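Chemist: Structure, please.
(one chain, ligands or ions: 1)
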Amino acid sequence: MAAGDWCLLQKPEFLRALQTLSPKEIRLVIEKLNLLLIDPYPDGHTRCQVRHMGIPVYRLRCGVFRIFYTLKRPYICVLALRRRDQATYDGELDAAVPDGTAALALVAAAEGAAEEERQTAAQSAPAYWERWLAPQPPPKRALPEPITPELLSRLGVPPAFHARLLPLTTQEDLLDCPGVPDEYLLLIDQHMFERPLVSVLQQPDYLLSDVEDLLRYRQGELVGFLLHLSPEQETFVRRGLHSGGPTLLKGGPGTGKSMIALYRVRAIQEELRRQGREEARLLFTTYTNALVRSSEQLLRQLPGVDLGCVEVQTADRLIFQLLSSLGEPPRPLTPQEEQQLFAQALETVCFTGSPAQQRAQRQALSQLGAEYLRRELTQVILARQIPSLEAYLRAPRPGRRVALSPLQRRAVWALYERFVALVRLRGKETWQQMRVRAAECAAAGWFPPCYDAVLIDEAQDLDPAALRLLVLLCRDPRLLFITADANQSIYGSGFAWTEVHELLRFRGRTSVLTVNYRSTREIAEAARAYLQAQESGELESESGERRYVHSGPVPALRRVASRAEEVDLLRRFLPAAAHELRLGIGACAVLTPTVRAGRLLAEDLQAQGLPARFMRSHELDLEAAGVKVLTLPSAKGLEFPVVALAGFTDGSWPRSALSALSAEEQSELQAIDRRTLFVGMTRAMRALLVVVPSEASSPLLEGFDAAYWNLA
Ligand SMILES: Nc1ncnc2c1ncn2[C@@H]1O[C@H](COP(=O)(O)OP(=O)(O)OP(=O)(O)O)[C@@H](O)[C@H]1O
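Modeler: Residues are numbered from 1 along each chain as shown. The predicted structure is shown next:
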């Protein structure tokens, strides 16, 4: 709603406080906000400026409450609602916080604060890592009042959770209380301890387009509010809906690519509804099962989205379903079967030509590492649908660093033919073959375009064939939307968009996002420095500009001599960092290189009394209590306030350090592994710890520059 040309925004802090009000009190708040829309400027009476805040913050009288807000034309941003008797006077606001400087640095500088101010705050902050890694946890903070059934009822906490909550007496026990959803824990925490306004300023802004929505939200008629996107982001939500062709959106980690794709679903549905096409079908694809689950969850909370008309799916699952619809369900090889058949192909490959030529080809193959060859077969020949030896001899191989001579290519082709024959004999297919088959069926008209719009998130890791299929399934190229970040590619090996489909010419329809909304500047810059530290980790430069919304402590690297030491470090770091952020242990994630390392770490953390669960990508439950332990690849696209990268101590990773490979092969595989670690690091929002073995022999566990990392 705009009145007097003002629009209202609100912070989650304010919304949470509303949860505790009676309908009559909410009515009063609505009335006051309507008045604010007419004139928000201080009048020295009902509206005053709060002193000692660094930036102008105002407060509005509202019965026994005070509403705090900021102004930045045309927006009035409502920060918080507090009872008058709870330190709602000038100067007491942030003095009530025991560690004001820490809060300031940890949650980043206030909106609009100068860069210099932001850096000073970060640097002058007390020693985070000393606190977070202290041998003993800090004393627990007692709750200022008991948790009573009356309080819980007033806060709207369902009776089913009361028994768990009533005995709690400290903030730490409250935040970590198992079996109670975070929303209730944070509500009680917010009631007990006011969050400094400077920290509230860092929360995202949500649109309050109709003040009456507050009542509807309180009564459960409204699922949530829309995020206030930046003008740059807003452009991409709607761009090209009426004209042009497909849109490609690029940008580094945390710049909001997925968020824009989700909001675009809403914009497309709105547009199609306007055209009277209520039943239009949308496809939203992403790379991992974990991302499918979290995208579905976000879409469910987005007002105006009809989830019934949106299919959220990984491209591979869709391919499986499409091929199944032809009759027999396809039979993909498991990774173990693929490895086994590949090894068998290597052993039994037959070469053609004279004995000397055959010897030369055998020798040519032996110069290449097995993993490198396997990728050549699956990601070059199969994924790019190279039809013949002649075509392979001429084929460019973008992303592959080992130049192959014609002799080597002949040898590789022989291996490819042997491998494909063995796969056929097994009566199965590789996933690349299935993707190719599905794309061919679509091109032949067996799968007609069945989606009115297709949105592809994380496209950098899709095979060209899978992408081609998705393009073919979309009825209207204007409603094809793709996000990608080449620096986060951990599976694919690079391709040109036009190689996929002539439609993907994106002329004038490619853009790059530059503001990181997820990680602190310190974490994002440290991750970049790590990626660039070695020649193998070259960074695809999308744009020179990088901007950040948050700032905080630099991330840390610690070297450990044993897994026991590693577990001890995590046991100290995770709860300390989470509690400092006023979050429960469920806000923490440990990302490991392998499934085995993840399982072991989760068991060890549990044994140390820290609730932790290892989750495969398809088992991901973001709402689950306790530390989430995931593999690095399955954390793709996700985010967590507190992240540790660990599990490198058993020596089984990185794979590239294990075998004797040529320098080019090493460098190519290391580039992928380095990007995998980069993706893991950039999942962290506020606190990041990387734990590596002290005897690390791989260059991948090196390259942590003291200018970006706390290496104490
Ligand atoms: N305008 C905004 N205001 C506040 N928060 C935002 C805004 N845009 C995005 N975010 C938040 O930033 C975080 C990162 O967004 P998102 O996951 O969409 O980024 P991404 O570019 O897809 O990242 P990645 O490529 O690393 O997966 C999310 O928590 C999202 O809610």
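
Chemist: ok, how many other residues are close to the residue lying closest to residue 591 once chain neighbours are set aside?
Modeler: With CB to CB, 6 or more residues apart in numbering as the measure, residue 680 is the residue that lies nearest to residue 591, at 4.5 Å, once sequence neighbours are left out. Just so you know, the C-beta spots here come from the backbone N, C-alpha and C atoms, and that holds for glycine as well. Residues within reach of residue 680, counting by other CB atoms under 10 Å, total 26.

Chemist: Touching, residue 680 and residue 640? I think so.
Modeler: No: if you go by CB atoms under 8 Å, residue 680 and residue 640 don't touch, sitting 10.5 Å apart.

Chemist: any idea how far the residue nearest to residue 591 lies from the ligand?
Modeler: Note on residue 680: its distance to the ligand, by CB to the nearest ligand atom, to the nearest Å, is 11 Å.

Chemist: Report the buried residues of the strand or helix carrying that residue.
Modeler: Using DSSP states H and E, residue 680 maps to helix 663-681. With burial defined by 16 or more other CB atoms under 10 Å, the residues of helix 663-681 counted as buried are 665-681.

Chemist: Could you export it as PDB, CA atoms only?
Modeler: Presented in PDB, the C-alpha positions along helix 663-681 are these (Å, rounded to 0.1, in the frame of the first residue of the first chain):
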ATOM      1  CA  ALA A 663      50.200 -32.500 -14.600                       C
ATOM      2  CA  GLU A 664      47.300 -31.600 -16.900                       C
ATOM      3  CA  GLU A 665      45.100 -34.300 -15.600                       C
ATOM      4  CA  GLN A 666      45.900 -33.400 -12.100                       C
ATOM      5  CA  SER A 667      45.200 -29.800 -12.700                       C
ATOM      6  CA  GLU A 668      41.800 -30.500 -14.300                       C
ATOM      7  CA  LEU A 669      40.600 -32.800 -11.600                       C
ATOM      8  CA  GLN A 670      41.900 -30.500  -8.900                       C
ATOM      9  CA  ALA A 671      40.100 -27.600 -10.500                       C
ATOM     10  CA  ILE A 672      36.800 -29.600 -10.000                       C
ATOM     11  CA  ASP A 673      37.700 -30.500  -6.400                       C
ATOM     12  CA  ARG A 674      38.700 -26.900  -5.700                       C
ATOM     13  CA  ARG A 675      35.400 -25.700  -7.100                       C
ATOM     14  CA  THR A 676      33.600 -28.300  -4.900                       C
ATOM     15  CA  LEU A 677      35.300 -26.900  -1.800                       C
ATOM     16  CA  PHE A 678      34.500 -23.400  -3.000                       C
ATOM     17  CA  VAL A 679      30.800 -24.300  -3.300                       C
ATOM     18  CA  GLY A 680      30.900 -25.700   0.200                       C
ATOM     19  CA  MET A 681      32.600 -22.600   1.700                       C
END
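
Chemist: circling back to that earlier point, show me the contacts for the residue nearest to residue 591.
Modeler: By CB atoms under 8 Å, 6 or more residues apart in numbering, the residues touching residue 680 are 591, 632, 635, 643, 645.

Chemist: ditto for residue 19
Modeler: Residue 19 makes contact with 155, 156, 187, 218, according to CB under 8 Å, 6+ apart.

Chemist: Just the ones of those residues in helices?
Modeler: With helices taken from DSSP state H, the overlap with the contacts of residue 19 comprises 187, 218.

Chemist: can you list the contacts of residue 19 in a markdown table and add pLDDT, distance to the ligand and neighbour count?
Modeler: Formatted as a markdown table, the contacts of residue 19 follow (pLDDT from 0 to 100; distance: CB to the nearest ligand atom, whole Å; neighbours: other CB atoms under 10 Å):
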| residue | pLDDT | distance to the ligand | neighbour count |
| --- | --- | --- | --- |
| 155 | 87 | 26 | 17 |
| 156 | 86 | 25 | 13 |
| 187 | 89 | 21 | 19 |
| 218 | 85 | 23 | 20 |
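
Chemist: low pLDDT regions in the protein?
Modeler: Low-confidence segments of the chain, defined by pLDDT under 70: 1-4, 85-126, 490-495, 503, 506-509, 535-544, 655-660.

Chemist: how far away is the nearest residue to residue 636 once chain neighbours are set aside from residue 545?
Modeler: Excluding its sequence neighbours, the residue lying closest to residue 636 (CB to CB, 6+ apart) is residue 288, at 5.4 Å. Per CB to CB, to the nearest Å, residue 288 is found 29 Å from residue 545.

Chemist: Compare those two and say which is more crowded by neighbours.
Modeler: Remark: of residue 288 and residue 545, residue 288 carries more neighbours, 21 against 8, as counted by other CB under 10 Å.

Chemist: Touching, that one and residue 630? I think so.
Modeler: No: using CB under 8 Å, residue 288 and residue 630 do not qualify as a contacting pair, with a distance of 10.0 Å.

Chemist: Could you say which helix or strand holds residue 352?
Modeler: Using DSSP H and E, residue 352 sits in no helix or strand.

Chemist: Apologies, that question was intended for residue 569.
Modeler: Assigned by DSSP H and E, residue 569 falls within helix 563-580.

Chemist: quick one: contacts for residue 427?
Modeler: Going by CB under 8 Å, 6+ apart, residue 427 touches residue 331.

Chemist: measure it to residue 574 for me?
Modeler: Separation of residue 427 from residue 574 (CB to CB): 47 Å.

Chemist: How about residue 429?
Modeler: Residue 429 sits 42 Å away from residue 574, going by CB to CB.

Chemist: same deal with residue 307?
Modeler: For residue 307, the distance to residue 574 - CB to CB - is 34 Å.
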